[in-house]
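Trainee: This is a predicted model, with the sequence first.
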Amino acid sequence: MSEHVVWLFGRGLSLDCGLDWDEPSELRLQPREVRIARIRKDLGAATDGLVSRNGTPVLDRFLRRLEERTPPGCRHTFVTTNWDDLLERAIEAGWPREVPACMRETHVFHINGTIEPGDGRPFRTEIVLPEDPPAARKPASEANQAFNTLTGGRRVLVVGMSFECRPDRFLLRCLNQIQDDVPVGESSWMILNADASGLERVRGLIQECLPGAAIRTRGFSFSQWLDTGIPEVFDPL
């Protein structure tokens, strides 16, 4: 089995956890910096409310499954296009002072920015809006590390991604441009999506981007997949 499993999480993960916040249409008419400030405030409040009411049982179950079943020598890394910090909150709750043996690190790499406070660190990725062109993205070590993690991955699991927004399509184009020179060009991918048409669409986009990749699909939501025991994560390549 691959020693490194890379997870790429999209909005479907947040929805499955009960976080259905979306940017109001009227806010999209505001200047960019106003929008970003409101996104941080409103999405942060929605995330706080969800965690205080329900916790993160879906993510807690997922992390415990990885802890229980990941074989020695294998490690997981988490990359997300989401702005919310649900996953890192769940990790922090389970392992506040240590890195579990199943993870390379407890940091969740946000490739499109995050509402999580950056404490002034230039490492953090600033929020990228869905319609932003590539030039609007400011250089950040976090986004670079997230991209490098993906390019070096031989096993990638995609959860809740649609690749409909401009920054996410740009991510695929970037992978396509360097596929001949990095491991991801001949990697093994699994895509999880409960919507059959969406699942096939994402499969087609990734296959077009990475024609040398082996791609499997599963027609489940994330929580439904957890009920199956997520055996595909631990299958040999």
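Mentor: Sure thing, it's come through. Numbers count the residues shown, from 1 in each chain.
Trainee: All the strands of the protein, residue numbers only.
Mentor: In chain order, the chain shows strands spanning 4-9, 75-80, 103-110, 155-159, 188-192, 214-218, with DSSP state E as the criterion.
Trainee: Can you add mean neighbour count, distance to A45 and mean pLDDT and give those back as a markdown table?
Mentor: Heads up, the C-betas are built off the backbone N, CA and C, glycines and all. Compiled in a markdown table, the strands of the chain are given as follows (neighbours: other C-beta atoms under 10 Å; distance: least, C-beta to C-beta, whole Å; pLDDT from 0 to 100):
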| stretch | mean neighbour count | distance to A45 | mean pLDDT |
| --- | --- | --- | --- |
| strand 4-9 | 23 | 21 | 96 |
| strand 75-80 | 22 | 20 | 97 |
| strand 103-110 | 20 | 19 | 95 |
| strand 155-159 | 23 | 25 | 97 |
| strand 188-192 | 22 | 28 | 96 |
| strand 214-218 | 16 | 33 | 96 |
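Trainee: so which of these gets nearest R137?
Mentor: Each of the strands of the chain was scored for nearness to R137 using C-beta to C-beta, and the closest is strand 103-110 (12.3 Å).
Trainee: could you check the angle strand 75-80 makes with that closest one?
Mentor: Our comparison of strand 103-110 with strand 75-80, counting by axes from the mean of the first three to the mean of the last three C-alpha atoms, to 10 degrees, yields an angle of 10 degrees.
Trainee: Look at G212 and report its pLDDT.
Mentor: Taken from the predicted model, the pLDDT recorded for G212 is 96.
Trainee: Same list (the strands of the chain) but as a markdown table, adding distance to G55.
Mentor: A markdown table is the format used below for the strands of the chain (distance: least, C-beta to C-beta, whole Å):
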| stretch | distance to G55 |
| --- | --- |
| strand 4-9 | 18 |
| strand 75-80 | 19 |
| strand 103-110 | 17 |
| strand 155-159 | 19 |
| strand 188-192 | 22 |
| strand 214-218 | 26 |
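Trainee: Compare those and give me the one nearest L29.
Mentor: Counting by C-beta to C-beta, and looking across all of these, nearest comes strand 103-110 at 25.4 Å.
Trainee: contacts for the closest one?
Mentor: Contact partners of strand 103-110, identified using C-beta atoms under 8 Å, 6 or more residues apart in numbering, comprise 4, 66, 75-83, 85, 87-88, 91-92, 95, 99-100, 116, 124-125, 142-143, 145-146, 149.
Trainee: and the gap between the nearest residue to P72 once chain neighbours are set aside and R75?
Mentor: Taking C-beta to C-beta, 6 or more residues apart in numbering, and ignoring the residues beside it in sequence, P72 has A101 as its nearest neighbour in space, at 7.5 Å. With the distance defined as C-beta to C-beta, to the nearest Å, A101 ends up 8 Å from R75.
Trainee: Any idea what the residue lying closest to V202 once chain neighbours are set aside is bridged to?
Mentor: Distances taken as C-beta to C-beta, 6+ apart place I191 nearest to V202, at 5.4 Å, with adjacent residues excluded. In this structure, I191 has beta-bridge partners V158, T217, where bridges are defined by DSSP bridges.
Trainee: My read is that I191 contacts R216, right?
Mentor: Yes: under the criterion of C-beta atoms under 8 Å, I191 makes contact with R216 at 7.3 Å.
Trainee: And for V233, the neighbour number?
Mentor: Per other C-beta atoms under 10 Å, the neighbour tally for V233 reads 19.
Trainee: quick revisit: to L43, which of the strands of the chain lies closest?
Mentor: For L43, the closest of these is strand 103-110, at 12.6 Å, according to C-beta to C-beta.
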